[in-house]
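Visitor: Sequence first, predicted model second:
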Amino acid sequence: MRLHIRSIFLCLILTLTAAIGLCTGAQAAAEDTRPSAAQQLELDSFVLDTVDDKLVLRFGVSVSDLEMLKRDLREGSAINLTSTVSLSRRSSFIPRGSLVSIEGLSTLQMDPLTREFILTEPDRKAPNRNKSLKALLDSTWSRMVLPLCRLNTLEHDREYVVALDVTLRHADVPPWLSKTLFFWSWDVAPPISYSMTFTF
């Protein structure tokens with residue numbers, strides 16, 4: 001009788017130990033498979049301004065994880081930041097047509113010889129260089145300006161909408177590959193959009 005009770009007690013202990021081990025293993029596996037924090041684009045500023053006789057948009061963007069971006073660049077990636085801003089008349093009845101659509105492009109990469117981070121823009125002859133990625137982005141991505149239109153093309157007391165779309169993508173993806181692997185995202189971070197209505 002004592003032997004039977006002792007056997008039952010031992011079986012209960014072994015069962016509980018195995019159950020605890022399975023729960024612990026499942027929890028560890030769940031923790032191991034949790035996705036790491038993804039890179040995010042952040043809009044830091046968005047201001048309409050006038051320069052001479054033109055309406056311009058001043059805005060700044062940043063990334064949530066600078067070290068992740070730095071690691072991608074050190075591994076040889078070239079990254080495009082594309083900013084598209086459009087100006088349109090606001091209308092409640094018919095789809096509004098864009099009066100102006102401007103695109104800004106900058107390419108970020110790292111020089112393996114000088115260990116400098118480089119930012120190039122199509123309309124600038126000399127690229128921006130800095131060994132500090134933060135300092136480079138603070139002087140470029142944080143202070144962007146895109147022209148919209150001349151002020152005399154706007155109508156007084158009319159409502160307008162300014163819309164901004166920003167993408168951050170790998171630059172070295174061949175067009176044929178992006179079309180072939182259409183289900184694969186080449187974004188470094190999810191795109192962001194912002195719009196504002198104003199009366200001129």
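Guide: Good, I have the coordinates.
Visitor: element containing residue 137, please.
Guide: helix 133-138 (DSSP states H and E).
Visitor: got the buried residues for the helix or strand that that helix is followed by?
Guide: On the C-terminal side of helix 133-138, the closest following helix or strand by DSSP H and E is strand 144-150. Within strand 144-150, the residues that count as buried by 16 or more other CB atoms under 10 Å are 144, 146, 148, 149. All C-beta atoms are positioned from the backbone trio N, CA, C, and that covers glycine.
Visitor: Alpha carbons only: can I get strand 144-150 in PDB?
Guide: As requested, C-alpha coordinates have been extracted for strand 144-150 and formatted as PDB (Å, rounded to 0.1, in the frame of the first residue of the first chain):
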ATOM      1  CA  MET A 144      14.200  69.800 -46.300                       C
ATOM      2  CA  VAL A 145      12.600  72.400 -48.500                       C
ATOM      3  CA  LEU A 146      10.400  71.800 -51.600                       C
ATOM      4  CA  PRO A 147       9.000  74.600 -53.700                       C
ATOM      5  CA  LEU A 148       5.300  74.400 -54.500                       C
ATOM      6  CA  CYS A 149       4.200  77.400 -56.700                       C
ATOM      7  CA  ARG A 150       4.300  81.100 -57.200                       C
END
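Visitor: which helices and strands sit right next to that strand?
Guide: strand 54-63, strand 79-89, strand 98-111 (3 or more CB pairs under 8 Å, 6 or more residues apart in numbering; DSSP states H and E).
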